[in-house]
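1. Any chance you can model this:
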Amino acid sequence: MQDKDAANTMPGGGDRSVVNGATYINTHVFVDSPPMQQEAPETPNRILVVEDDTSLATLEAHFLAAHNFTVVIANSGEIAVTTLESFMPDLVVLDLELPGSMSGWDVLQTLRKNAAVPVLLTTSMPLDMRKYLRSHGETRSTLDHLAKPFAMQALLKCIKRMLTITPQ
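-> As a prediction, the model looks like this:
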């Protein structure tokens with residue numbers, strides 16, 4: 001029997017835990033010397049990565065965690081919606097091509113009903129996503145698209161831009 005809740009430590013001082021199917025990834029940033037002034041520590045932005053490709057989800061999560069984001073991975077639409085009941089992210093990276101009974105489009109509709117969370121859509125579908133979204137009434141700056149395959153630096157750039165223009 002496998003436990004649904006598990007935890008372990010990652011190399012470099014990070015933690016990973018799995019709760020109800022969602023993987024939580026946190027890193028700790030170590031500084032060689034204390035800051036000159038006492039400043040309030042910056043709270044890392046929380047990112048929910050909804051991706052059924054475990055390798056890609058893990059790569060995204062570790063890359064973003066290395067850039068001081070707290071990342072939760074949901075490998076299905078159902079897990080994403082369940083995770084949103086207890087974890088409100090600052091941004092969602094959402095694969096539109098999720099298998100199962102809840103697609104990425106279904107997760108997006110659930111997000112739109114319950115929260116104004118910015119969403120970065122990822123897909124390998126060969127269509128002009130921005131044109132499609134505009135034709136379906138999505139003109140918000142809180143929604144953008146990144147075509148797969150993409151470089152991790154492109155992912156980081158999109159996320160930082162979206163977090164900058166989105167009221168927190």
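
2. in this protein, which spans are strands?
-> 6-10, 14-19, 22-26, 46-50, 70-74, 91-95, 119-123, 143-147 (DSSP state E).

3. Give the residue spans of this protein that score low on pLDDT.
-> Within the chain, the stretches with pLDDT under 70 are 1-42, 126-142, 166-168.

4. residue boundaries of the helices in it?
-> Counting by DSSP state H, the chain has helices at residues 54-66, 77-84, 104-114, 129-135, 152-165.

5. okay if I get those as JSON lines plus distance to Asp144 and mean neighbour count?
-> Every C-beta, even on glycine, is put in place using the N, C-alpha and C of the backbone. Compiled in JSON lines, these are given as follows (distance: least, C-beta to C-beta, whole Å; neighbours: other C-beta atoms under 10 Å):
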{"stretch": "helix 54-66", "distance to Asp144": "15", "mean neighbour count": "18"}
{"stretch": "helix 77-84", "distance to Asp144": "18", "mean neighbour count": "21"}
{"stretch": "helix 104-114", "distance to Asp144": "12", "mean neighbour count": "17"}
{"stretch": "helix 129-135", "distance to Asp144": "8", "mean neighbour count": "13"}
{"stretch": "helix 152-165", "distance to Asp144": "6", "mean neighbour count": "15"}
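
6. In TSV, list the ones you listed along with distance to Leu94.
-> TSV is the format used below for the helices of the chain (distance: least, C-beta to C-beta, whole Å):
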stretch	distance to Leu94
helix 54-66	11
helix 77-84	8
helix 104-114	5
helix 129-135	12
helix 152-165	12
